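Engineer: Quick one: sequence plus predicted model below, questions after.
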Amino acid sequence: MRVTVDYDLCDSTGVCNSFAPEVFELDDEDLLHVRVPEPGAELWPAVEEAARACPKLAILLPGDRP
C-alpha cells in the first residue's frame, strides 16, 4: 500500500514525522518528504495515526480522495 502527501495542502508542520519518523521526514528547510512511500504492514498503524493527526489532512492513504 502506498502513502502520498498532497503538497498543495501540506504545511510541513511535522506532526506526521512525530507519529511515523520512519516514513516521514522534514529536511533542513522544513519541507516534508515521504521517506518510505510503500511502508510495510508493521508501520501502517503509525502511518494511519499520522494521517488522522495531520492538521491539513494532506496525507493520502489507499482509498482516500484522489
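Structural biologist: Perfect, I can see it now.
Engineer: how many neighbours does residue 47 have?
Structural biologist: Applying other C-beta atoms under 10 Å, we find 22 residues neighbouring residue 47. In short, each C-beta sits where N, CA and C put it, glycine included.
Engineer: so where's this protein uncertain?
Structural biologist: The chain contains residues with pLDDT under 70 at 65-66.
Engineer: max-length helix in it?
Structural biologist: helix 44-53 (DSSP state H).
Engineer: List the buried residues of that one.
Structural biologist: Buried residues in helix 44-53, defined by neighbour count with 16 or more other C-beta atoms under 10 Å: 46, 47, 50, 51.
Engineer: what's that helix in contact with?
Structural biologist: 1, 3, 15-20, 22-24, 39, 57, 59-61, 64 (C-beta atoms under 8 Å, 6 or more residues apart in numbering).
Engineer: Put the alpha carbons of it into PDB.
Structural biologist: Taking Å, rounded to 0.1, in the frame of the first residue of the first chain, the C-alpha atoms of helix 44-53 are listed here in PDB:
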ATOM      1  CA  TRP A  44       0.800   1.100   8.900                       C
ATOM      2  CA  PRO A  45      -0.700   1.800  12.300                       C
ATOM      3  CA  ALA A  46       1.700   4.700  12.800                       C
ATOM      4  CA  VAL A  47       1.100   6.000   9.300                       C
ATOM      5  CA  GLU A  48      -2.700   5.900   9.800                       C
ATOM      6  CA  GLU A  49      -2.300   7.700  13.100                       C
ATOM      7  CA  ALA A  50      -0.100  10.300  11.400                       C
ATOM      8  CA  ALA A  51      -2.800  10.800   8.600                       C
ATOM      9  CA  ARG A  52      -5.500  11.300  11.200                       C
ATOM     10  CA  ALA A  53      -3.400  13.800  13.200                       C
END
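Engineer: Mind listing the strands the next helix or strand after that helix pairs with, and their directions?
Structural biologist: For helix 44-53, the succeeding helix or strand toward the C-terminus, using DSSP states H and E, is strand 59-60. Applying DSSP bridges, strand 59-60 is found paired with strand 4-5 (antiparallel).
Engineer: after the partner strand, next one along is what?
Structural biologist: Downstream of strand 4-5, the next assigned helix or strand under DSSP H and E is helix 15-19.
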